[in-house]
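1. any chance you could fold what I've pasted below:
(chains A and B)
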Amino acid sequence: MLSIQNLHAGIEEKKILKGINLEIKAGEVHAIMGPNGSGKSTLASVLAGRKEYEVLEGSVTLDGKNLLELSPEERAGEGLFLAFQYPIEIPGLTTTNFIKTAVNEVRKYRGEEPLDAVAFLKMMKEKMALMEIDQRLLSRSLNEGFSGGEKKRNEIFQMAMLQPKLAILDETDSGLDIDAIRIVANGVNKLRNKDNAVLVVTHYQRLLDYIVPDFVHVLYNGRIVKSGPKELALELEERGYDFIKNELKEAV
Amino acid sequence: MINSVEYFKEKFDLLQHANKDSLLGSVHQQAFNAFRTMGIPSVKHEEWKYTRVGSLFNKEYNVVLEQKPNTISEKEINAVRLPGHEEANELFFINGIFSFGLSKILSSKQLVVISLKEAAAGEYNDVVSKNFNHSSNYLKDGVNALNAAFAQEAVFIHIKKGQITEHPVYIYNITDTRSGNTFSQPRSLIHVAENAQVQMVETYIALGHSQDFTSQVTEIIVEKDAHVEYYKIQHEGRDSSMVSTTHLRQVGKSYTHTVTVSLDGDIVRNNLNVVLDAEHCEAHLYGLYFQKGSSHIDNHTVVDNVKPNCFSNELYKGIIDGDATGVFNGKIFVQPHAQKTNAYQSNKNILLSDSATVNTKPQLEIFADDVKCSHGCTIGRLDEEGLFYLQSRGISEKTAMALLLHAFSDDILSNIKLPAIKNYVDELIEKRLEM
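-> The predicted model follows:
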């Protein structure tokens, strides 16, 4: 589904990603772990199309479509979703109005008719129940005054409404207590199926107790330096990132 | 051209001849003398530094000074009516002259609408003498003086004591420019008596394609326990310019709430004065300006805390696009006796283009020592992070910008408490956002 080949990217003069290769198939969950500054969030940002980042080399395709040629909104139309590490607060824009606009713009991109008010409401109710999210939250301004947990839950709710092929969760666990992590992870797990995939970007292993990955990749200094099964995450948790660094040194 | 004192002198003498000994006559005379002394403000005048009103006077105009036969058809009037007009009192100025013929009063139990002359000659003599042209204490310039000098056909509106005006008052300022450039000077004195309530909406319409210059003064006196909401909507085209003054004087413990929405026009200058001349007054001042092209909008506000224990909150927001210019000048005075004043002011601007300009100047002049005052202003671009967030959800850049700008405007628009007018302004903004 997602194919990243030899991706090099940076911001301003600084090169951050130095040759990423990654293949994700439908139905899979991949985790990208790595120490601070390794390039995790840069990877998420480059995939979603944040314009401050410059792609220097390589390719990224989603079901054969070259993502790097597309605007952020077109990528969303193609089925990419980024759950933000720090969701933006927009006073004056209600969450409901925002989601309705997003759903219908994505439908338009896919050549589908916009949902009418009744159909939209029905879908909202269904996903609200699934995500255990309160109506009151959705009638408020987007993320304004939301707690950390509410913001992240709102991200997953948007994911439920937009039904992406590939969801990237960027440090979704940061700032959350264990109960909030469980609720968010539950939401993600309910949305998983054989046709979609999830890429979890995280510093800590704890989120992976709840969203269990099929593959774990270690990102270090702009490259994936180690890949393995879910047990790799536990090993990292136990031994810290230093053991990877030491392994790399030994290899040199 | 109407840029000389001589031009107006002859006209003034002619008008003045009839009533020079009356109460109004002497105010007109003083005002005309002030106009002669001060002339038309140039950019050297501190309060007119950023707004070149001189260019507006350097043109030929039809100057309408007295009642003329109505040139506007029923159909044309209907086309400019605001939503909710079926349930509103409607007052019409045509070329600055109040039209009793067109105006419609639904709330005759609560509302008295007569000419200022009649008010001055009758039972409202005291109100008129104490308040007419009070704005000249604050606006020391020839534009304000000229309006007062020629305010022969002004209207007097009285909201009766203890009455809640159930229907809002819509005020239309129509300029008919089909027979050429037109200069008009509407004038009103509005008296909101003790414990009365009123909601007012004012708007401006030009019929025709010549230029119009409206110089307007509305003075509102707010008595004890009265409650006033005043909404001003400006969205005339690029042929229309105005200097529009609203002078609110709260003479008893009272509440005022104003929202000024400016969406277009050539040169638009708004003066909003709120004089808190009694203890425990409360005033809210909101404004939204959204200009593009070469449009120029200037909002000058004054909040004068004369008496102690008053509260005022002011928030003006601007979106400036194209080559447009925005000016915000907000003054708060706290007079020596006005202890325990709470006065807040904020001005926030978004610039959408490299050639858009904003001049913002908050000013506090505090002569008391136990007060809480704050002011702040920001000028920035549309938030890139917010834009990316919306785009990442599949929303096109254009729609995302529209949503963000509408959201930015929301804390002004949500203060329009008349639903029909709120929806109307929302729609005007939506249309504007289809940039």
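2. around chain A, which positions in chain B sit nearby?
-> B:383, B:385-386, B:388-397, B:399-400, B:403-404, B:406-411 (C-beta under 8 Å from any C-beta of the partner chain). C-beta: built from backbone N, CA, C; applies to glycine.
3. of those residues, which belong to helices?
-> When these are checked against helices using DSSP state H, the ones located there are B:385-386, B:388-391, B:397, B:399-400, B:403-404, B:406-411.
4. among the residues you listed, name the buried ones.
-> Using 16 or more other C-beta atoms under 10 Å in any protein chain shown as the burial test, these include B:386, B:388-391, B:399-400, B:403-404, B:406-411 as buried.
5. which pair of those residues spans the longest distance?
-> Of all pairs drawn from those, the widest gap by C-beta to C-beta lies between B:Q391 and B:D411 and measures 23.6 Å.
6. do you know how far whichever residue of the stretch 1-150 of chain B sits closest to chain A is from B:V192?
-> The minimum distance from the stretch 1-150 of chain B to chain A, using C-beta to the nearest C-beta, falls at B:P83 (21.7 Å). Distance from B:P83 to B:V192, counting by C-beta to C-beta, to the nearest Å: 24 Å.
7. of those two, which one has the most company?
-> B:V192 (29 against 16; other C-beta atoms under 10 Å in any protein chain shown).
8. now do the contacts for that one.
-> Shown in contact with B:V192 (C-beta atoms under 8 Å, 6 or more residues apart in numbering or on different chains): B:I159, B:V198, B:I220, B:I221, B:V222, B:E223, B:A226, B:V228, B:S254.
9. ok, so of those residues, who is nearest chain A?
-> Out of the contacts of B:V192, the member with the shortest distance to chain A (by C-beta to the nearest C-beta) is B:V228, at 26.0 Å.
10. neighbours of the closest one, how many?
-> A count of neighbours around B:V228, defined by other C-beta under 10 Å, yields 23.
11. just checking, what packs against the helix or strand hosting it?
-> Counting by DSSP states H and E, the element that carries B:V228 is strand B:227-234. With contacts defined as 3 or more C-beta pairs under 8 Å, 6 or more residues apart in numbering or on different chains; DSSP states H and E, the secondary structure elements packing on strand B:227-234 are strand B:197-207, strand B:212-222, strand B:240-250, strand B:255-262, strand B:267-276, helix B:419-433.
12. may I see the buried residues of stretch B:43-57?
-> Applying 16+ other C-beta under 10 Å to stretch B:43-57 flags B:H45, B:E47, B:W48, B:K49, B:Y50, B:T51, B:V53, B:L56, B:F57 as buried.
13. so which of the residues you listed is the closest to A:P164?
-> A:P164 lies nearest to B:Y50 out of these, by C-beta to C-beta, at 49.5 Å.
14. residue contacts, A:F146?
-> For A:F146, the contacting residues are A:P87, A:E89, A:L137, A:R140, A:N154, by C-beta under 8 Å, 6+ apart.
15. go ahead and confirm the fourth one touches A:T95.
-> Spelled out, that is A:R140. Yes. Taking C-beta atoms under 8 Å as the contact criterion, A:R140 and A:T95 are neighbours in contact, 6.4 Å apart.
16. when these two are compared, which one has more neighbours?
-> Neighbours were tallied for A:R140 and for A:T95 using other C-beta under 10 Å; the higher tally belongs to A:T95 (21 against 17).
17. any idea how far A:P164 is from the closest residue to the more buried one other than its chain neighbours?
-> Once its chain neighbours are removed from consideration, A:T95 has its nearest residue in A:L138; the separation is 4.6 Å (C-beta to C-beta, 6 or more residues apart in numbering or on different chains). Relative to A:P164, A:L138 is positioned 19 Å away (C-beta to C-beta).
18. again, but for B:D426
-> B:D426 sits 32 Å away from A:P164, going by C-beta to C-beta.
19. so the two - more neighbours on which side?
-> The neighbour comparison of B:D426 against A:P164 (other C-beta under 10 Å) goes to A:P164, with 25 against 15.
20. the closest residue to that one other than its chain neighbours sits in which helix or strand?
-> Closest residue to A:P164 in three dimensions, ignoring its sequence neighbours and counting by C-beta to C-beta, 6+ apart: A:F81, at 3.5 Å. Using DSSP H and E, A:F81 falls within strand A:80-83.
21. wait, B:V198 sits on B:V222?
-> No. With contact defined as C-beta under 8 Å, B:V198 and B:V222 do not form a contacting pair (9.6 Å).
22. mind checking the SS state of B:A119?
-> Following DSSP: H, G, I helix; E, B strand; the rest coil, B:A119 is assigned to helix.
23. repeat that for A:A31.
-> Under three-state DSSP, A:A31 falls in the strand class.
24. the residue lying closest to it once chain neighbours are set aside: what's it in contact with?
-> Nearest non-adjacent residue to A:A31, counting by C-beta to C-beta, 6+ apart: A:P213, 4.0 Å away. Contacts were defined as C-beta under 8 Å, 6+ apart; by that measure A:P213 touches A:V29, A:H30, A:A31, A:V200, A:K230, A:A233.
25. now the end-to-end length of stretch A:164-173.
-> From the first residue to the last, stretch A:164-173 extends over 20 Å; the measure is C-alpha to C-alpha, to the nearest Å.
26. what lies in contact with stretch A:174-187?
-> Applying C-beta under 8 Å, 6+ apart, the set of residues contacting stretch A:174-187 from outside is A:85, A:130-132, A:148-149, A:152-153, A:156-157, A:159-160, A:172-173, A:203, A:206-207, A:210-211.
27. low-confidence ranges in the chain?
-> Here I'm looking at chain A. Low-confidence segments of chain A, defined by pLDDT under 70, are located at A:252.
28. let me rephrase: I mean chain B.
-> Residues of chain B meeting the criterion pLDDT under 70: B:18-21, B:435.
29. domains of it?
-> Per the record's domain assignment (automatic domain parsing), chain B is made up of the domains B:5-278, B:382-435.
30. list the contacts of the residue sitting nearest the centre point of chain A.
-> Here the mean C-alpha position of chain A is nearest to the C-alpha of A:I168 (C-alpha atoms, centre = their mean), at a distance of 1.7 Å. With C-beta under 8 Å, 6+ apart as the criterion, the residues that contact A:I168 are A:A44, A:L47, A:A48, A:L80, A:F81, A:L82, A:A83, A:V198, A:L199, A:V201.
31. let me see the contact set for the third one.
-> Residues touching A:A48, when contacts are defined by C-beta under 8 Å, 6+ apart, comprise A:P72, A:R75, A:L80, A:L82, A:I168, B:S392.
32. from those, which two are the most distant?
-> Across those, the two members that end up farthest from each other (C-beta to C-beta) are A:P72 and A:I168, 12.5 Å apart.
33. which one is A:V106 nearest to, not counting chain neighbours?
-> That would be B:G394: by C-beta to C-beta, 6+ apart, it lies 3.8 Å from A:V106.
34. show me the contacts for B:I94.
-> With C-beta under 8 Å, 6+ apart as the criterion, the residues that contact B:I94 are B:K68, B:N70, B:T71, B:I72, B:L102, B:I174, B:T175, B:D176.
35. give the burial count for the residue nearest to A:T95, as a bare number.
-> Count around A:L138 with other C-beta under 10 Å applied: 18.
36. same question, the one 5 residues further on
-> With neighbours defined by other C-beta under 10 Å, the count for A:N143 comes to 22.
37. cool, B:E153 as well?
-> Based on other C-beta under 10 Å, the number of other residues close to B:E153 is 22.
38. not counting sequence-adjacent ones, nearest residue to it?
-> Spatial nearest neighbour of B:E153, excluding adjacent residues (C-beta to C-beta, 6+ apart): B:I97 at 4.6 Å.
39. now do B:L352
-> Across the structure, with C-beta to C-beta, 6+ apart as the measure, the residue nearest B:L352 apart from its sequence neighbours is B:D321 (4.1 Å).
40. helices of the chain, start to end?
-> The chain I'm using is chain A. In chain order, chain A shows helices spanning A:40-48, A:72-78, A:95-109, A:117-131, A:135-138, A:148-162, A:178-191, A:231-239, A:242-251, with DSSP H as the criterion.
41. hmm, I had chain B in mind actually
-> B:5-16, B:23-38, B:54-57, B:74-80, B:116-121, B:125-131, B:142-149, B:384-391, B:397-413, B:419-433.
42. since that was my last question, I'll sign off now.
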